[in-house]
Each structure stands twice: as structure tokens, then as C-alpha cells.
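**Q** A structural model of the following input is requested.
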Amino acid sequence: MCRTAPATALFALVTLAACVVPAGPAAATAMPPNPYAGPDGTWNMHGDAGASDTTPFEGPGADPWPAQAVPLPGVCPTILSGSDGMVQALCTEYLDRAPSLYLLDPTTLLPVARRHLSAGSLLGGVYAYVDDRSRLVTVDGSGSLLWLAHSKSLLGWSIDVEREVPVNLPDGDAVTTVGPGYDANVWFATARGRAGYVTPDGDVVTAGLGAGDEKVANSISSAPSGVAVTTDHATYLLRADEDGDGVRTVWRQAYDRGTARKPGQLSHGSGSTPTFFGERTGADLVVITDNASPRENLLVYRARDGQEVCRLPILTDESSGTENSPVAWGSSVYIASTYGYPYPAQATEDAGESVPAEADFAGGMERIDVDEESGTCRSVWRNEVPSAAVPRLSRAEDVLYTVSRHADGLNWRLARIDPADGEILSETFLGLGPLANTLQMVGTILPDGTLLQGTLAGLVAVRR
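**A** This is a model prediction of the structure:
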């Protein structure tokens, strides 16, 4: 293959690759980009507003350069980039377990600036995003939403708090996730089952979800129709009311949360970020997985009214459990098992003991196709890939990227998977030993094809 020096490319539209089977990436319509967010593919953990876990960019391909380790003193689950091309890695540091934002040069991947934040909840700061001005929007331990802007002067790069809005919550609660709505508000959800938004003028609006005993342990997503939140009991579609001073529940759908947390999951309930997808508008449907036992179900709802379209038991009795968000594009959904995955931190607060207490990491992935008209879900394939990262679908390449875990965590490889049949197309060595652990974190693909994957020791880069 032809290799060129790494460079930061301009964000642009790409021509989608042809599909091997109907309703693959080329057959889908993309949801309109969120005007208050950065470029789709790189502005949040799950790629876009709908949390599709897809990208419009080609990945590093079958014959990339050898993987480049980027050591940082923390675990880096959130690696993002805005319209200016600078890489922003939000990492939880070893010493105080507080998040730090590292600004990385996109060519060398060396840190050029760092901003340390105060420690909060386990998930506080993980579900951040980059806005339309390339600012990182996150939350710190004080409970304030922060807009972190970076700039360069004669003294070098710096990261500064450009805006700060306190979110006053009851003791014991904390913001776990933030994201931009299509309504110009910045939406958030909290560990104790609250949701709300910050208006452009800085007003804060909050509301409780359910009966007061629900928790939010995953990210939120948005579409022109509203903001989707999945608690450990139910999925909601929310909107700001017409006066802009309240939260309106458009619909709520409860699900089977099971009797306990499963091994390889961090909370007692769904491990999913609710994901918008669909062939007509890219946001016709919402998909999650529940926590039923022994097999979890894929649940698909109609976005406009919450009506259930279909449900299907996923994976196998031995592997049916996932902490990962579904990958969804067109009419296809891809699920990766995390059942038994050995996380260093086993659960969020008050998640309870897992049942069983321990299990071997099962691995395995599955593709399900959804027919909204007939109201059916159909399993297309299952494989046994030991996926150790949230898969990312390159729509330009028509390839699923994930990390495969081998030899009980001694060997880690970047795996390219054919979405048509689930077969492994190629694997690239990433690292050896526990510090190369990717902890089911998601990789980000930059416009130039560089894939950045968080690890226990910072991140690793794979380039074309």
C-alpha cells in the first residue's frame, strides 16, 4: 500500500462504499448533523448525536503502520477531535482518579497542553463532547458544566475554562453525561435519575425520571425529535417544554432489568446508550439492550411515539450480556458481548453484586436486521470475536473495527470485521500485557484514517 506522512485532513463528506448485502452502510440515510456539535465521527464517544458508533471516515485499513503507543498517566476512554483537528483526550489519572484533558498534536500525538479537573463520580467527565467551536464540554467534581477552550500563543498551547455553569443537585447526585440537543440546549443526565438542560442563557432546568429510584449509568443521545435517556429501568424520549422552563417526557418504555447485574456490566440494568437509527431519516428508530436473564433482548422502538417495533434475544445463554452501546446504521444493528469482562472497577455506585459473582469472558458479536414495516428483528450472523472495545463501523470502508483480546489479556489486536458475514478481515498487533487493556472503550477514527484507542496506559494509535 502507499503510505504518506501523517497529517490532519480537512473534514469532508465521503462516498459510501458499496454493500455486499442489502441495507448495509451505503443504503442508509444519515441523520442531520447537530449544528451545536463538532464534526460527525469525532465529536463524542459514540461518533454522532444519535450514538450510532459509526464514522464517515476510512480507518487505517488492513496494512497499517505498526501501532504507536502514546503513554499518558491515566486511563483514556474519551478521545475526540473538533473542526480544528486538534486531538482532545479526557483521561482519568492514576494518582487522584480525577479527569485531565490532554491536548495532543494531531501529527506527533504528543501532549501540548493539560488541564486537570476536580474528581467527581466514576462516570463524571467520561461522557463529554466537543462543540461547534472545538470546545470540550464536560463536568467537574463540583457539579459544574465546563466549556474548555484551547488556544495557542507565543508561550505555547493552553486550555482555559471559557464558561462554567453550576448544576445544583441534591447531595449524593452527580451529572454523569452531557450532550447537545438540536434545540440549542446542553442536555445532561445524573447518577440519581435526573435529566435536564442548560439553556443558551445559562438557565438550568432539571426533572426527575420515574418514581425516584432510577439511575443513569450510560450516555444520552439526541435527534431532531428529542433527547433519549436510558436509566436502569426504562428508556425515555425527552424535550424541553414550549416555555423552555421544564422537561417534557414524550414517551417512556420500561424494560426487563433482570434480578441483578451481570458479570462484565457496570450497572444493574441496560448497558446501552440509546441509539437512533433508520433507513429513511437516520433517526426513525431507537435501539437498546435490556438486562433479561439468561438472554438479553434487543429492543427497538419507534422514535416518534415509543411504540415497540420488535424484540429479539441476543447472543447465547453463555454470552448474553453487554455494557456496550449498539452499533446501528440503516436497518442493521451490531452487538458485542462483554459478559464476564474483567474490569478493574467492577461497578458503578449501588450497582449491587453481579450474579454469578464471576464468569469467564465469553466474547462474541451479532448482527440483527430490523424491518420496521413488518415489525421484525432477524439475526443475520454471530461470531466468537473476543471484542474488548465498542465496535466502530467505518461507513466509507464498510468495515467494523474493534479490539480483540487474546491469551487472557496478554495479547491485544485491532480487528477488522466484515459487517456482511462477521468474518475477521485482518488483525493488527496493538500491545502485550495488562497496560494494553482497552477496557471496552471505543476507538476514534480521525479524517486521515488514524485510529486512536484508549488503554490502561494512555492510548495507542494505528495509522494508514
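**Q** When you work out contacts or count neighbours from here on, use the C-alpha atoms and nothing else.
**A** Noted.
**Q** most remote residue from the chain's center?
**A** The C-alpha centroid of the chain is most remote from Leu154, which lies 36.0 Å away (C-alpha atoms, centre = their mean).
**Q** Show me where this structure has its helices.
**A** Counting by DSSP state H, the chain has no helices to list.
**Q** ok, back up a step: now the residue farthest from the centre of the chain: how far from Met86?
**A** Counting by C-alpha to C-alpha, to the nearest Å, the gap from Leu154 to Met86 is 18 Å.
**Q** Also Asn218?
**A** 26 Å.
**Q** The two: who's more crowded?
**A** Neighbours of Asn218 and Met86, each counted by other C-alpha atoms under 10 Å, are more numerous for Asn218; the result is 28 against 18.
**Q** Test my guess that that one contacts Gly271.
**A** Yes: proximity of Asn218 to Gly271 meets the contact threshold set by C-alpha atoms under 8 Å, at 6.9 Å.
**Q** Gly41 contacts Thr54, doesn't it?
**A** Yes: between Gly41 and Thr54 a contact is recorded at 6.7 Å, counting by C-alpha under 8 Å.
**Q** which neighbours do these two share?
**A** 47-48 (C-alpha atoms under 8 Å, 6 or more residues apart in numbering).
**Q** show me what contacts Ala128?
**A** With contact taken as C-alpha under 8 Å, 6+ apart, Ala128 is in contact with 44-45, 78, 136-139, 177-179.
**Q** Who's the closest spatial neighbour of it, skipping the chain neighbours?
**A** The shortest distance from Ala128 to any non-neighbouring residue, by C-alpha to C-alpha, 6 or more residues apart in numbering, is to Thr138 (4.7 Å).
**Q** got the contact list for that neighbour?
**A** Neighbouring residues of Thr138 by C-alpha under 8 Å, 6+ apart: 125, 127-129, 145-148, 177-178.
**Q** What pLDDT is listed against Thr348?
**A** In the predicted model, Thr348 carries a pLDDT score of 63.
**Q** And for Ala7?
**A** Looking at Ala7, the pLDDT reads 29.
**Q** The stretch 51-200 of the chain: strands as residue ranges?
**A** Using DSSP state E, counting those that start in this stretch, the strands of the stretch 51-200 of the chain run over 54-55, 68-71, 74-81, 87-93, 99-104, 111-116, 129-130, 136-139, 144-153, 156-166, 175-180, 186-190, 194-198.
**Q** which of those strands sits most buried?
**A** Highest mean neighbour count of the strands of the stretch 51-200 of the chain: strand 129-130, a mean of 30 (counted as mean count of other C-alpha atoms under 10 Å).
**Q** residues making contact with that one?
**A** Residues outside strand 129-130 that contact it (C-alpha under 8 Å, 6+ apart) are 37-38, 43-45, 80-82, 136-138, 178-179.
**Q** Columns pLDDT and distance to Gly321 on top of those residues, output as CSV?
**A** Converted to CSV, those look like this (pLDDT from 0 to 100; distance: C-alpha to C-alpha, whole Å):
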residue, pLDDT, distance to Gly321
Ala37, 98, 31
Gly38, 97, 32
Trp43, 98, 28
Asn44, 96, 24
Met45, 95, 21
Leu80, 98, 27
Ser81, 98, 31
Gly82, 97, 33
Leu136, 98, 32
Val137, 97, 31
Thr138, 95, 29
Val178, 96, 25
Gly179, 97, 26
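**Q** List just the nearest of those to Arg302.
**A** Gly179 (21.5 Å; C-alpha to C-alpha).
**Q** give the contact list for the nearest residue to that closest one once chain neighbours are set aside.
**A** The shortest distance from Gly179 to any non-neighbouring residue, by C-alpha to C-alpha, 6+ apart, is to Trp187 (5.3 Å). By C-alpha under 8 Å, 6+ apart, the contact set of Trp187 is 178-181, 195-198, 227.
**Q** With Ala303 instead?
**A** 225, 237, 276, 283-286.
**Q** Report the separation between Ile79 and His233.
**A** 29 Å.
**Q** re the thing from before, keep only those of the contacts of Ala303 that are in strands.
**A** Counting by DSSP state E, the contacts of Ala303 place 237, 276, 285-286 in strands.
**Q** For Ser158, give the beta-bridge partners.
**A** Legend: beta-bridge partners of Ser158 under DSSP bridges are Ser151.
**Q** And for Phe429?
**A** Note on Phe429: beta-bridge partners by DSSP bridges are Arg413.
**Q** pLDDT value on it, please?
**A** Predicted confidence (pLDDT) for Phe429: 98.
**Q** how deep is it tucked in, by neighbour count?
**A** With other C-alpha under 10 Å as criterion, Phe429 counts 15.
**Q** Return the distance of it relative to Ala89.
**A** As judged by C-alpha to C-alpha, Phe429 and Ala89 stand 22 Å apart.
**Q** just Gly364 next, same as before
**A** For Gly364, the distance to Ala89 (C-alpha to C-alpha) stands at 28 Å.
**Q** again, but for Asp131
**A** 15 Å.
**Q** Do I have it right that Met31 meets Ala283?
**A** Yes: with contact defined as C-alpha under 8 Å, Met31 counts as touching Ala283 (6.0 Å).
**Q** Common neighbours of these two, please.
**A** Taking C-alpha under 8 Å, 6+ apart as the criterion, Met31 and Ala283 both touch 50, 223, 277.
**Q** ok, back up a step: which one of the contacts of Trp187 is nearest to Ala351?
**A** Ala195 (19.5 Å).
**Q** Any stretches of the protein with poor pLDDT?
**A** Flagging of the chain using pLDDT under 70 yields the residue ranges 1-27, 120-125, 345-349.
**Q** For stretch 389-406, buried residues please.
**A** 389-405 (16 or more other C-alpha atoms under 10 Å).
**Q** Narrow the residues you listed to those in strands?
**A** 392-394, 399-405.
**Q** Out of those, flag the one nearest to Gly375.
**A** Leu393 (24.6 Å).
**Q** what are the bridge partners for the closest one, then?
**A** Thr54, Leu400.
**Q** show me the contacts for it.
**A** Counting by C-alpha under 8 Å, 6+ apart, Leu393 touches 53-55, 327, 399-401.
**Q** Ok, Thr438 next?
**A** Neighbours of Thr438 in contact, by C-alpha under 8 Å, 6+ apart: 388-389, 403, 453-456.
**Q** what's the closest residue to Gly181 other than its chain neighbours in contact with, if anything?
**A** Leaving aside its sequence neighbours, Gly181 sits nearest to Ser222 (C-alpha to C-alpha, 6+ apart; 5.8 Å). Counting by C-alpha under 8 Å, 6+ apart, Ser222 makes contact with 49-50, 179-182, 228, 276.
**Q** hmm, 6 Å instead?
**A** By C-alpha atoms under 6 Å, 6 or more residues apart in numbering, Ser222 lies in contact with 49-50, 181, 228.
**Q** Scan those residues and report the most crowded one.
**A** Ranking the contacts of Ser222 using other C-alpha under 10 Å puts Ala49 first, with 31 neighbours.
**Q** For that one, give me its contacts.
**A** Contacts of Ala49 were listed using C-alpha under 6 Å, 6+ apart, and they are 221-222.
**Q** ditto for the one 4 residues further on
**A** Contacts for Asp53 (C-alpha under 6 Å, 6+ apart) come out as 46-47, 327, 392.
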